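this is the structure alone, sequence omitted:
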């Protein structure tokens, strides 16, 4: 977000910089130009629109992320600019016990924020970005002055006053298909923060005109292997071709991918499951399948289905009770 124009208002009229949730790309972009200030919610009481661990990045002419519904961002930015100048970290409190009682939180929460300056040569930051590039979950330890980043499972001993935040790999979504529903799902996946790949075996040479969507014409098994099905990848099979669906499910269901969904009629599901079992899949593999795909929202239009699928993927990731309610309804 370019704030270098002196005639520009103090805050953006439309906070598009807040749509991104993962601040690692923003840090990498900002630090390419110089130091950056990282603001992190380290404590929260009484609710609030954003959870502990939420972050914002501030640099010269650059802002990314958001911490509340707009109640505190302007003030946090002022502190972040001073931290950039001095290099001295700050802990800010808003709500109960705040030294700034005029800054009110409509949600009634108490929010504590750590603001620290990061330089491009920061060792912990380099480690964080390296782990992200290799799709390894990592833990970030910081007290504002000392920082350590280590892969999960090989973590250092915490020290007094340290805040610990987990960083998982960026979520991925692989959509197989080429109809309007598959296109809507791939498009919405990008907007929801997924690294998204659309697979259409032997499809058109030209990629679909969808910003941010990768495209593959390979066969399902090859395309899924190339995408890399790890514990942070969701697969949505929407090809309307029984043979292609079958090949994709044979590859996706035994993989570490926690979500595999299938678009299709419920009346054909038992036949499909029997064929998958005959080809060697276990009951445990088959139990992972979400079919028919998506939460039951009652809609059938392309983007209605896409919303239902993205919602189900997010619910699976967060363990939300929407999945239990759906299971009870199906049963």
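Thanks, I have the structure now. Note that this is a predicted model, so its numbers are computed, not measured. Residues are numbered from 1 along each chain as shown.

my read: residue 187 touches residue 213, true?
Yes - under the criterion of Cβ atoms under 8 Å, residue 187 makes contact with residue 213 at 6.9 Å. Where C-beta positions appear, they are placed from N, C-alpha and C, glycine not excepted.

who touches both of these two?
Counting by Cβ atoms under 8 Å, 6 or more residues apart in numbering, residue 187 and residue 213 have no common neighbour.

now residue 24, what are its backbone angles?
Phi and psi for residue 24, reported as degrees, to the nearest 10, are phi -60, psi -50.

actually residue 111, not the one I typed
phi -120, psi 130.

tell me the confidence at residue 17?
Here the pLDDT value assigned to residue 17 is 89.

that one: what's it in contact with?
For residue 17, the contacting residues are 1, 63-66, by Cβ under 8 Å, 6+ apart.

what is the burial count for the nearest residue to residue 104 once chain neighbours are set aside?
Distances taken as Cβ to Cβ, 6 or more residues apart in numbering place residue 71 nearest to residue 104, at 7.0 Å, with adjacent residues excluded. Residues lying near residue 71 (other Cβ atoms under 10 Å) number 20.

look up how far residue 111 lies from residue 71.
The gap separating residue 71 from residue 111 is 9 Å, by Cβ to Cβ, to the nearest Å.

so what sits against both of the two?
Joint contacts of residue 71 and residue 111 (Cβ under 8 Å, 6+ apart) are 94, 105.

what's the domain layout of the chain?
The record's domain parsing of the chain by the TED database lists 16-119, 121-169, 172-318.

could you tell me the least trusted of those domains?
With a mean of 91, domain 16-119 has the lowest mean pLDDT of the domains of the chain.

can you give me the strands for the chain?
Ranges of strands within the chain are 36-45, 55-59, 62-65, 90-94, 110-118, 138-142, 147-151, 163-167, 172-176, 195-199, 213-216, 233-237, 259-262, 289-290, based on DSSP state E.

contacts for the longest one, please.
Read it as strand 36-45. Under the criterion Cβ under 8 Å, 6+ apart, residues 23, 27, 30, 48, 50-59, 62, 65, 67, 76, 79-81, 83-84, 91, 95-96, 109-118, 142, 163, 165 lie in contact with strand 36-45.

now do the shortest one
Contact partners of strand 289-290, identified using Cβ under 8 Å, 6+ apart, comprise 249, 253, 259-262, 273, 312, 316.

out of those, which is nearest to residue 209?
residue 261 (24.5 Å; Cβ to Cβ).

look up how far residue 267 lies from the closest one.
Using Cβ to Cβ, one gets 17 Å for the distance from residue 261 to residue 267.

what do you get for residue 126?
Between residue 126 and residue 267 the computed distance is 54 Å (Cβ to Cβ).

surely residue 164 is in contact with residue 140?
Yes - if you go by Cβ under 8 Å, residue 164 and residue 140 touch, sitting 7.0 Å apart.

okay, these two: which has more neighbours?
When neighbours are counted by other Cβ under 10 Å, residue 164 and residue 140 differ, and residue 140 comes out ahead with 22 against 14.

touching, the more buried one and residue 162? I think so.
No - look at residue 140 against residue 162 with Cβ under 8 Å: they stay out of range, at 10.0 Å.

who's in contact with the residue nearest to residue 104?
The neighbours of residue 71, taking Cβ under 8 Å, 6+ apart as the test, are 94, 103-106.

would you turn the residues you listed into a markdown table with neighbour count and distance to residue 41?
A markdown table is the format used below for those (neighbours: other Cβ atoms under 10 Å; distance: Cβ to Cβ, whole Å):
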| residue | neighbour count | distance to residue 41 |
| --- | --- | --- |
| 94 | 24 | 10 |
| 103 | 15 | 15 |
| 104 | 13 | 17 |
| 105 | 20 | 12 |
| 106 | 10 | 17 |
